[in-house]
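> Structure for this input, please:
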Amino acid sequence: MFQFPDGRPDQAPCDVYWHSAGFPDIGSVVTSARSRVNRFPGAQGSGIYLINCPSKIRDPSGKQLVQEYVSAPFLMKDQLKFDFRVYGVIRSINPLSIYVSREGMARFCTERYKKPTSSNFDNLYSHLTNYSLNKVNDAYVHSNTLHDQVTGSKRLLSTVFSQMAACGVRPKKLWHDVKLIIVKTVLAMLPELMIQYERTFSGKEGPQCFQIVGFDIMVREDGSPILLEVNACPSLTIDHGGPDGDSRQKSVVDEVIKIPLVRDTLLLVTGQLQDGLVCTPATGAFRSTDDLASTKRKAHLSEVSDKIFPNRYGRQAASLLFLDKVVYIFMQYSSAHGAMHVPLSGIKRFVKDCGYEDLFMTGELEKKVSDICQYYVGDSHNEKGLFFHGFLSFMIYVAERVFPAEPSLQKQLQKLFDAVTNALRNKGVRSKRLRREEFETKSGR
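Numbers count the residues shown, from 1 in each chain. The predicted model follows:
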């Protein structure tokens, strides 16, 4: 397998494009002793297998995702590998509002963990925590009561935090780091979310959608969390198949987690969750709305945007916020309202509006756009132009050209965004797409 981080010298397309981008450490991932391959698109752990070299990839012609395998997970006395499913709620994206559920679940393997070797690669009950996989193993432990779940194969996050504390882990520090991962992940997703939202709901008043997102987190041997994957449609079922294979049985763990999660999410997005209080118990039992009005408790959802972020996480994550400004610039120069690409004509108009025409030689813009298209989609003659990540690459190219004296790429981009925003305003462009003052004010400015 040959890798071309900067594109092939002969300009020919590559067979595989990693996430439509090149990462500096991708070589260490695919050539490490252990890697995990997911069929793409996939669900519920189907099609996952382990490899120790690229030649072991099955069906190279199909779409697959290679992940580095976490070979030193944190283990407790039972020596079972486990991970967390933490639920976040994206209430809105402008202004950005993120919540995280205070309760989640821990999913355990059903056979003791041993570091992967060529002889145990196929023992997925030891390596993969997916419920859909492990539930068919005879060693899977279903929990009929909250007391049972303490040793079950699916446990409450709060239970496992207590068990980890007994092993020397600091739960508050771990939970803080998990929430920071969620904040950073959503901020990384924000540009694409904004573009898709604009494309779908442009011109419609008020918030149009929300999303419950599942974040799969594993804890390393040293107690630090790592993000495994993000699930756009996490399962919200609260039952499982019975022993006879036909009947359905309620899962006490799922009830405790998911009923409050869904209930409070609906109250949140309908404006009925106010002042951090919600009128309902946390037991998973439903009451009438009249009964609910008389019993108040703390909300099941803890906001990590308007209240916790940026006050608690601003210092660590504020540097990721500026990329949303690229989205508004991108939208100004896309080929049509709601379009997902900026054509070459839009790139030239952008350079002209900003007064940067003299910085580029004849034919240079065409060559750069062609190179970016080649790099991302394997087609240097892509007539649609640059999609968002390609446009961001072009912005980086311009920022480095216009502000070479700035000490970092981040500083260069921030200076460019400020200059572009001012140039557009001087041109009379002041659309809703360029608003972000409300969010910036909430960021502690």
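
> quick one, strands of the protein?
Using DSSP state E, the strands of the chain run over residues 35-39, 49-51, 64-68, 82-93, 96-101, 105-108, 154-156, 211-219, 225-231, 239-241, 248-250, 277-278, 297-298, 301-303.

> Now do the third one: which elements does it pack against?
The reference is to strand 64-68. helix 26-30, strand 35-39 (3 or more C-beta pairs under 8 Å, 6 or more residues apart in numbering; DSSP states H and E). Glycine gets a C-beta too; all of them are placed from N, C-alpha and C.

> Just give the number of residues close to the closest residue to residue 169 other than its chain neighbours.
Nearest residue to residue 169, sequence neighbours excluded (C-beta to C-beta, 6 or more residues apart in numbering): residue 223, at 4.9 Å. Using other C-beta atoms under 10 Å, residue 223 has 16 neighbouring residues.

> now swap in residue 66 and tell me
Counted with other C-beta under 10 Å, the neighbours of residue 66 add up to 19.

> Any figure for the gap between it and residue 260?
Separation of residue 66 from residue 260 (C-beta to C-beta, to the nearest Å) stands at 37 Å.

> swap in residue 88?
Residue 88 is 14 Å from residue 260, by C-beta to C-beta.

> show me what contacts the residue nearest to residue 169?
Listed by C-beta atoms under 8 Å, 6 or more residues apart in numbering, the contact set of residue 223 reads 74, 164, 168, 169, 170, 173, 174.

> Can you tell me which of the residues you listed end up in helices?
Counted as lying in helices by DSSP state H, out of these, are 164, 173, 174.

> Just the buried residues out of those, in PyMOL syntax.
Selection command for PyMOL covering only the buried members of the ones in helices among the contacts of residue 223, criterion 16 or more other C-beta atoms under 10 Å:
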select buried, resi 164+174
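
> Tell me the one of the ones in helices among the contacts of residue 223 nearest residue 204?
Using C-beta to C-beta, residue 174 is the member of the ones in helices among the contacts of residue 223 that lies nearest residue 204, at 40.4 Å.

> My guess is the closest one contacts residue 225. True?
Yes - under the contact definition of C-beta atoms under 8 Å, residue 174 touches residue 225, with a separation of 6.3 Å.

> Name the residues contacting each of those two.
By C-beta under 8 Å, 6+ apart, the residues touching both residue 174 and residue 225 are residue 219.

> which residues of the stretch 201-350 of the chain score low on pLDDT?
Per-residue confidence for the stretch 201-350 of the chain (pLDDT under 70) gives these ranges: 206-207, 242-246, 274-315, 318, 335-338.

> just the helices in it please.
Using DSSP state H, counting those that start in this stretch, the helices of the stretch 201-350 of the chain run over 252-269, 289-292, 314-317, 324-333, 344-353.

> So what angle separates the directions of the longest one and strand 96-101?
Counting by axes from the mean of the first three to the mean of the last three C-alpha atoms, to 10 degrees, helix 252-269 lies at 150 degrees to strand 96-101.

> Pull the distance from helix 252-269 to the chain's centre.
21 Å (C-alpha atoms, centre = their mean, to the nearest Å).

> Sort out which residues of it are buried, please.
252-265, 267-269.

> Tell me what angle that helix forms with strand 211-219.
130 degrees.

> tell me which strands and helices helix 252-269 is in contact with?
Secondary-structure packing of helix 252-269 (3+ C-beta pairs under 8 Å, 6+ apart): strand 82-93, strand 96-101, strand 105-108, strand 154-156, strand 211-219, strand 301-303.

> With the fourth one instead?
Other helices and strands packing on helix 324-333, by 3+ C-beta pairs under 8 Å, 6+ apart, are helix 171-201, helix 344-353, helix 388-402, helix 409-426.

> which stretch among the ones you listed comes nearest residue 61?
The minimum distance between residue 61 and the helices and strands packed on helix 324-333 falls on helix 388-402, with 24.6 Å, by C-beta to C-beta.

> re earlier: out of the contacts of residue 223, which two sit at the greatest distance?
It's 74 and 173 that sit farthest apart of those, by C-beta to C-beta, at 13.3 Å.

> how close does residue 148 sit to residue 252?
Distance from residue 148 to residue 252, by C-beta to C-beta: 8 Å.

> coming back round to it: which of the helices and strands packed on helix 252-269 sits closest to residue 118?
strand 211-219 (22.6 Å).

> and the closest one with strand 225-231, angle?
Here the directions of strand 211-219 and strand 225-231 differ by 150 degrees (the same axes, to 10 degrees).

> Number the chain from 50, please
Done: numbering now begins at 50, and the last item shifts to strand 260-268.

> and strand 260-268, which strands flank it?
Strand 260-268 sits in its sheet next to strand 131-142 (antiparallel), strand 274-280 (antiparallel), going by DSSP bridges.

> So residue 139 versus residue 231, what's the distance?
10 Å.

> Residue 297 contacts residue 303, correct?
No - taking contacts as C-beta under 8 Å, residue 297 lies outside contact range of residue 303: 11.8 Å.

> Tell me the residues that contact both of these two, please.
288, 289.

> Where does the record place the domain boundaries for the protein?
According to the TED database, the chain comprises the domains 50-118, 121-326+348-358, 367-484.

> averaging pLDDT over each of those, which comes out lowest?
Mean pLDDT is lowest for domain 50-118 out of the domains of the chain, coming in at a mean of 62.

> any idea how far the spatially most central residue of the chain lies from residue 137?
Nearest to the mean C-alpha position of the chain, by C-alpha atoms, centre = their mean, lies residue 234 at 4.4 Å. Taking C-beta to C-beta as the measure, residue 234 and residue 137 are separated by 8 Å.

> got any residues that touch both of these two?
Common neighbours of residue 234 and residue 137 (C-beta under 8 Å, 6+ apart) are residue 264.

> Identify the residues contacting the most far-flung residue of the chain relative to its centre.
Using C-alpha atoms, centre = their mean, the residue of the chain lying farthest from its centre is residue 411. It sits 40.3 Å away. Residues near residue 411 by C-beta under 8 Å, 6+ apart: none.

> Same question for residue 418.
The contact partners of residue 418, by C-beta under 8 Å, 6+ apart, come to 393, 396, 434, 435, 443.

> Which one of those residues sits in the busiest neighbourhood?
Neighbour max across the contacts of residue 418 (other C-beta under 10 Å) = residue 435, 28 neighbours.

> beta partners for it?
Per DSSP bridges, the residues bridged to residue 435 are residue 391.

> Can you verify my assumption that it contacts residue 443?
Yes - counting by C-beta under 8 Å, residue 443 is a contact partner of residue 435 at 6.1 Å.

> Next, show the common contact partners of those two.
Residues touching both residue 435 and residue 443 (C-beta under 8 Å, 6+ apart): 396, 418, 421.

> If we only consider these, which is nearest to residue 264?
Out of these, the member with the shortest distance to residue 264 (by C-beta to C-beta) is residue 421, at 31.2 Å.
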